[in-house]
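In: I'll drop the sequence and a predicted model, then ask my questions.
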Amino acid sequence: MIPGEVLEAFSLDQSQLKIEPIDSGHINKTFKLIGDRSYVIQRINKSVFTNPDLIANNLRVASDHVNKNYPGYLFLSTLTTSDGKEMAYDEDEFPWRLFPYIPNTITIDAVADEQQAFRAAQAFGRLSKNLSGVDTTLFSETIPRFHDLGLRYEQFESAFINASQERKNSSHELIENAKTFAFIKTKYEELIQSGKLTLRITHNDTKINNVLFDADSGKAICVIDLDTLMPGYFIYDLGDMVRTFVSPVGEEGKIENVSFRKNIYDALLAGYLGEMNELLTEDERASIPFAGQMMTFMIGLRFLTDHLNGDIYFHVKKPGQNLIRAANQFRLLELLAENVG
Ligand code: GN1
Ligand code: MG
């Protein structure tokens, strides 16, 4: 499962470790290594992250900044190989990196209550706040134009043009649905062009399962999955929290169980704004209600695009899985349009 040369590079002894896959990501491969000291090891998807050194560079800049300015803050950095590198390459040239496993922590796939929503949103807000003084030009985009909704819409349109008839048929209804929400893309482009949003360092993957909670106290310990920590707009982080916190079921859940929980929305906003409110401009605050719709539309589109493309980007375990995800997201989008704004 994990190439010997990689374990060796990190001076890990396979015979002393139990290896368990961690199944929640759609892009990278992740394993828990259980032993006297436990770790998390991850293989980076090199077709998605075509320049993994950019990730390592961003994380170095970020960790230097927070360690210097906020010494008590837990920023999860990678452990280095025996020759001091952040990544070890296997024979197929996949980069791997190693993290310490933080004992007694858990991740969750759906928010149970307001306190969880508040704590998780506070954790993501604090990361951005602690990075607000850093020079954003020191960071690179690890995936160019990652959250550019205009680009994502174009990718959807060209996937439609190139899709097989079978894939088009199976997603016909969702395609029509997506088109009715195209106004969100227009609104996004106007907002970006207006220059009203400040470029900040954002996490860009603020799903609820990217927060580690203490298993006993339920406190948020730190945020994880920092591959897309890079310049972005606050609506990306806030929006992805809305997308993944407000419904009692995640993006794989049954469509009839998707719902909008106003109390959770309010709690997450309170947690995030408790950290970020003072940094946001008045114009930015005015776009708070747009954030959730924009990100939910974008991720829904990305799942639909991948279905049309033949499931080449997000990991799928069964046929039609991207379609289920997209349908779930478009249902949530309808609910957000009715309830927020
Ligand atoms: C991917 O692999 P994972 O689960 O951390 C994706 C995110 C999506 C998310 C949807 C690099 O994240 O943008 O929001 O799936 N990451 C990348 O669940 O595309
Ligand atoms: Mg991720």
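Out: Received, thanks. Ligands and ions are numbered 1, 2, ... in the order given.
In: any idea how far I255 is from ligand 1?
Out: With distances defined as Cβ to the nearest ligand atom, to the nearest Å, the gap from I255 to ligand 1 amounts to 16 Å. For the C-beta atoms, the positions are set from N, CA and C on the backbone; glycine is no exception.
In: count of neighbours near that residue?
Out: Other residues within reach of I255, judged by other Cβ atoms under 10 Å, total 13.
In: ditto for S217
Out: 10.
In: what do you get for S140?
Out: Applying other Cβ under 10 Å, we find 15 other residues in the vicinity of S140.
In: one more: the one 4 residues further on?
Out: Around P144 sit 11 other residues, with neighbours defined as other Cβ under 10 Å.
In: do the same with L199
Out: Neighbour tally, L199, other Cβ under 10 Å: 13.
In: over to the one 5 residues further on?
Out: Burial measure for N204: 23 neighbouring residues, criterion other Cβ under 10 Å.
In: phi first, then psi, for it.
Out: Backbone torsions of N204, given as degrees, to the nearest 10, read phi 70, psi 10.
In: please apply the same query to S11.
Out: The main-chain torsion angles of S11 are listed as degrees, to the nearest 10 and equal phi 50, psi 40.
In: give the contact list for the nearest residue to it once chain neighbours are set aside.
Out: In this structure, S11 finds its nearest non-sequential neighbour in S82, 4.9 Å apart by Cβ to Cβ, 6 or more residues apart in numbering. Contacts for S82 (Cβ atoms under 8 Å, 6 or more residues apart in numbering) come out as A9, F10, S11.
In: looking at this, S82 is in a strand?
Out: No. Counting by DSSP: H, G, I helix; E, B strand; the rest coil, S82 falls outside a strand, being coil.
In: would TSV of the contacts of S82 with neighbour count, pLDDT and distance to ligand 1 be doable?
Out: Converted to TSV, those look like this (neighbours: other Cβ atoms under 10 Å; pLDDT from 0 to 100; distance: Cβ to the nearest ligand atom, whole Å):
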residue	neighbour count	pLDDT	distance to ligand 1
A9	20	98	24
F10	20	98	22
S11	10	97	27
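In: just list what the top helix by length along the chain packs against, helices and strands only.
Out: For the chain, the helix reaching the highest residue count under DSSP state H is reported as helix 288-309. Taking 3 or more Cβ pairs under 8 Å, 6 or more residues apart in numbering; DSSP states H and E as contact, the helices and strands that helix 288-309 lies on are helix 149-162, helix 165-170, helix 172-180, helix 182-193, helix 234-245, helix 321-339.
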